[in-house]
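Engineer: need a structure here:
(one chain, ligands or ions: 1)
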Amino acid sequence: MVNAKIPRATAKRLPIYYRYLGILYNSGKKRISSTELAEAVKVDSATIRRDFSYFGALGKRGYGYDVKSLLDFFKKTLNQDKLTNVGLIGVGNLGHALLNYNFHGSNNVRISAAFDIDDRITGTIQSGVPIYPMSEMKEQLVQQQIEVVILTVPSPVAQRVTDELVAAGVKGILNFTPLRVTVQDGVRIQNVDLTNELQTLIYFLNHVDQSGE
Ligand SMILES: NC(=O)c1ccc[n+]([C@@H]2O[C@H](COP(=O)([O-])OP(=O)(O)OC[C@H]3O[C@@H](n4cnc5c(N)ncnc54)[C@H](O)[C@@H]3O)[C@@H](O)[C@H]2O)c1
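Structural biologist: Here you go, the predicted structure:
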């Protein structure tokens, strides 16, 4: 059984392992050592062993990891074996780009409904996804059993919209707005901040260990 309390850093690496294991499996590879896996995914092998240890003993000493059972295990853990419908709130510049992308590299998540207040786009279909007015949001989220949404509204309305989402039963929000929204316990927020990511990258470039480490 999966321990619900895995560290966030570990949780973030699971999709990386999963993707690579899928490639290995498709190429017919049956087993892999943590050292080989480490080289491929650029995570050191001690970290991999520690990450995997949160899920119990998945590997055997001297044998490595069985690719198929590891892949099946991660598939279940990451809910890759079922399709999750996701909502998108705010179909502006960023929202349009995400709709257009619609996670086509994945067959288990897709945006199935989008919402906006702008009546020039509500009632239309963009990139194959219907755009509903906000007045229909709750009804649609419930009907389509959507518990995860992507938030791409202007930041001044982000908290208000978040409150509406929580009231409609949403359990997870991928927040692209710069506002750090607050929610009650039991609702999870994942912030995506491109400025932050870029600044982190620049920081690392400027602090490269000159010894080449
Ligand atoms: N995280 C990032 O890296 C990143 C990058 C770009 C933009 N952003 C943020 O994403 C958000 C969207 O940016 P954008 O450039 O697409 O803005 P935009 O103005 O082009 O689009 C915003 C959309 O939200 C809609 N909207 C406004 N109020 C609403 C409400 N109450 N309910 C539902 N829809 C509403 C608007 O009609 C519009 O279609 C902003 O908060 C912006 O700061 C984040």
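
Engineer: nearest residue to whichever residue of the chain sits closest to the ligand other than its sequence neighbours?
Structural biologist: Nearest residue of the chain to the ligand: Gly92, at 1.6 Å (Cβ to the nearest ligand atom). The C-beta positions use only the backbone N, C-alpha and C, and glycine is treated the same way. Of all residues not flanking Gly92 in the chain, Thr152 sits nearest, at 6.6 Å (Cβ to Cβ, 6 or more residues apart in numbering).

Engineer: Tell me, how many residues neighbour the one you found?
Structural biologist: 25 (other Cβ atoms under 10 Å).

Engineer: what's the spacing between it and Gly105?
Structural biologist: To Gly105, Thr152 is 20 Å away according to Cβ to Cβ, to the nearest Å.

Engineer: Burial check on the residue of the chain closest to the ligand, number of neighbours?
Structural biologist: 13.

Engineer: So what are the structural domains in the chain, by residue number?
Structural biologist: 8-77, 84-196 (automatic domain parsing).

Engineer: Of those, which is nearest His207?
Structural biologist: Closest of the domains of the chain to His207 is domain 84-196, at 16.3 Å (criterion: Cβ to Cβ).

Engineer: What parts of this structure come near the ligand?
Structural biologist: 89-95, 115-118, 134, 152-155, 157, 161, 176-178, 192-194 (Cβ under 6 Å from any ligand atom).

Engineer: List the residues that contact the residue nearest to Val192 when sequence neighbours are not counted.
Structural biologist: For Val192, ignoring the flanking residues on the chain, the nearest one in space by Cβ to Cβ, 6+ apart is Phe176 at 5.1 Å. Applying Cβ atoms under 8 Å, 6 or more residues apart in numbering, we find Phe176 in contact with Leu94, Ile150, Leu151, Thr152, Val192.
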